[in-house]
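1. Predicted model, plus sequence, below.
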Amino acid sequence: MITFITGNKHKVKEAKEIFHNFNIELEHMDLGYCEPQGILEDVAIAGAKYASSKLKRPVIVEDAGLFIRSLNWFPGTYSSYVQETIGNSGVLKLMRGTKDRYAEFRSVIGYCTPKTEPKTFLGYVKGQIALQEKGDKGFAFDSLFYIEEKGKTFAELSIKEKSQFSHRKNSLKMFINWYKDNYSE
Ligand code: ITT
């Protein structure tokens with residue numbers, strides 16, 4: 001049994017979809033802890049360590065963000081603050097007239113048990129910042145994140161479709177593979 005610590009209900013839905021095909025039980029808990037600001041890996045390590053020692057059980061946490069190349073990879077670790085302040089329309093304003101619209105979503109899973117040091121797993125997905133928002137599924141930056149091969153934004157995909165190739169799918173898949181190899185009971 002793994003406990004996923006997050007305050008974001010969308011992440012829980014996506015993680016459940018991804019864990020669904022594997023034989024690992026996932027429960028969800030919101031500890032409401034305050035995240036330190038920093039690179040994704042450090043945030044995930046600190047969160048996983050804190051939660052596993054507090055709950056005395058194995059946990060995963062996730063730190064994710066949107067990284068836009070022409071903005072020097074902003075908002076990155078400031079993604080949730082940017083989402084809450086300027087939002088998607090603010091990001092579109094920052095990108096006005098910009099030709100290079102390459103962006104990545106990155107996700108780092110931090111895993112920790114009370115007896116072991118934290119481990120991290122990084123996954124990402126490549127996309128483009130759309131010229132305008134499209135789609136009403138998903139959350140946060142999803143309506144801005146355009147996937148060329150699909151001809152759609154993340155917000156035009158169902159959770160099932162998004163979870164086949166998302167940053168979250170890629171980081172969780174790495175975690176699950178490692179976990180199965182190391183903890184196959
Ligand atoms: P927890 O830390 O409690 O898990 P959070 O929402 O604060 O929840 P993060 O710090 O990992 O999560 O994520 C930062 C922000 O990045 C998040 O609030 C969204 O604005 C954005 N984000 C992350 N993954 C996303 C996704 O799949 N689709 C759209 N936006 C995403």
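-> That came in fine, so what should we check first?
2. rest of the way, CA atoms for contacts and neighbours
-> Will do.
3. A strand includes I109, no?
-> Yes: the assignment for I109 (DSSP: H, G, I helix; E, B strand; the rest coil) places it in a strand.
4. Tell me which residues touch it, please.
-> I109 sits next to 44, 60-63, 120-122, 171-172, 175 when contact means CA atoms under 8 Å, 6 or more residues apart in numbering.
5. do A44 as well
-> 61-63, 108-110, 120.
6. residues from the protein in reach of the ligand?
-> Taking CA under 6 Å from any ligand atom as the criterion, the chain approaches the ligand at residues 6-8, 62-65, 79-80, 83, 139-142.
7. Narrow the residues you listed to those in strands?
-> Those of the residues of the chain next to the ligand mapping onto strands are 62-65, per DSSP state E.
8. thinking again about what came up before, and of the contacts of I109, the nearest to the ligand?
-> Closest to the ligand out of these is D63 (3.4 Å), distances taken as CA to the nearest ligand atom.
9. which residues of this structure fall in strands?
-> So, for the chain - with DSSP E - the strands run 2-5, 26-29, 59-68, 74-75, 102-113, 116-129, 145-147, 152-153.
10. Turn these into a markdown table, including mean pLDDT.
-> Below are these laid out as a markdown table (pLDDT from 0 to 100):
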| stretch | mean pLDDT |
| --- | --- |
| strand 2-5 | 94 |
| strand 26-29 | 92 |
| strand 59-68 | 97 |
| strand 74-75 | 96 |
| strand 102-113 | 97 |
| strand 116-129 | 97 |
| strand 145-147 | 98 |
| strand 152-153 | 98 |
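11. could you dump the ones you listed to TSV with distance to S166?
-> Converted to TSV, the strands of the chain look like this (distance: least, CA to CA, whole Å):
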stretch	distance to S166
strand 2-5	18
strand 26-29	19
strand 59-68	11
strand 74-75	18
strand 102-113	8
strand 116-129	6
strand 145-147	10
strand 152-153	12
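12. Among these, which comes closest to F165?
-> Proximity to F165 (CA to CA) singles out strand 116-129 among those, at 7.3 Å.
13. by contact count, what packs against that closest one?
-> In terms of contacts (3 or more CA pairs under 8 Å, 6 or more residues apart in numbering; DSSP states H and E), strand 116-129 is packed against helix 40-55, strand 102-113, strand 145-147, helix 167-182.
14. Nearest to V91 among the ones in strands among the residues of the chain next to the ligand?
-> G65 (13.5 Å).
15. I'd guessed that closest one sits against V108; true?
-> No: applying CA atoms under 8 Å as the test, G65 and V108 come out as separate, 9.2 Å apart.
16. Show me which of those two is the more surrounded one.
-> Remark: of G65 and V108, V108 carries more neighbours, 29 against 22, as counted by other CA atoms under 10 Å.
17. Look up the closest residue to that one, ignoring the ones flanking it.
-> Of all residues beyond its chain neighbours, the one nearest V108 is L122 (4.5 Å), with distances taken as CA to CA, 6 or more residues apart in numbering.
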